[in-house]
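> I'd like to go over a predicted model; first the sequence, then the structure.
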Amino acid sequence: EVQLLESGGGLVQAGGSLRLSCAASGFTFDDVPMGWFRQAPGKEREGVALMRSNNGTTSEGGTFYPDSVKGRFTISIDDAKNTVYLQMDNLRPEDTAIYYCRARILSRSYWGQGTQVTVSS
């Protein structure tokens with residue numbers, strides 16, 4: 001059974017940093033496209049960091065960030081620990097959302113339960 005467990009969310013002041021973790025189990029982690037998404041109240045879920053994507057948005061081994069987070073967010077993967085991280089720096093109030101980890105396995109998306117990030121001004 002594929003399981004993704006996010007942690008590391010919380011309340012932080014604008015300009016601060018948080019590091020999210022996603023512990024994965026139930027599948028062979030190596031080379032699986034992984035990503036972080038977020039959903040704010042009343043808004044659609046959006047991708048904020050993708051890694052090892054094979055749908056054309058990243059080069060092999062590369063990463064993708066939308067302009068809204070580029071230069072502030074960094075995704076990384078530790079294959080030995082089956083864990084993907086999202087380092088978020090210089091956070092802004094508009095980054096407030098529930099953050100989800102996603103694994104893309106055989107064209108199917110698997111999601112974690114999400115972790116709340118709240119940035120106060």
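Ah, there it is. Numbers count the residues shown, from 1 in each chain.
> Report the strands that pair with the lowest-mean-pLDDT helix or strand in the chain, each with its relative direction.
Of all helical and strand segments in the chain, the minimum by mean pLDDT, DSSP states H and E falls on strand 63-64, at a mean of 87. Under the criterion DSSP bridges, strand 63-64 sits next to strand 46-51 (antiparallel) in its sheet.
> Report the buried residues of the partner strand.
For strand 46-51, a neighbour-count test (16 or more other C-beta atoms under 10 Å) marks G47, V48, A49, L50, M51 as buried. Quick note: C-beta positions are derived from backbone N, CA and C, even for glycine.
> pLDDT for the residues you listed - can I get that in CSV?
As requested, those are exported to CSV (pLDDT from 0 to 100):
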residue, pLDDT
G47, 95
V48, 96
A49, 93
L50, 90
M51, 86
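> what's the closest of those to S68?
The shortest approach to S68 among the buried residues of strand 46-51 belongs to V48, at 7.6 Å (C-beta to C-beta).
> Dihedrals phi and psi, the residue nearest the centre of the chain?
Closest to where the C-alpha atoms of the chain average out (C-alpha atoms, centre = their mean) is W36, at 2.0 Å. Note on W36: its backbone torsions stand at phi -120, psi 140 [degrees, to the nearest 10].
> Relative to S68, how far out is it?
Taking C-beta to C-beta, to the nearest Å as the criterion, W36 is separated from S68 by 13 Å.
> where do the contact lists of those two overlap?
When C-beta atoms under 8 Å, 6 or more residues apart in numbering defines a contact, the residues bordering W36 and S68 alike are V48.
> quick one on the thing from earlier: the next helix-or-strand element following the least confident helix or strand of the chain pairs with which strands, parallel or anti?
For strand 63-64, the succeeding helix or strand toward the C-terminus, using DSSP states H and E, is strand 73-78. Sheet pairing for strand 73-78, assigned by DSSP bridges, gives strand 83-88 (antiparallel).
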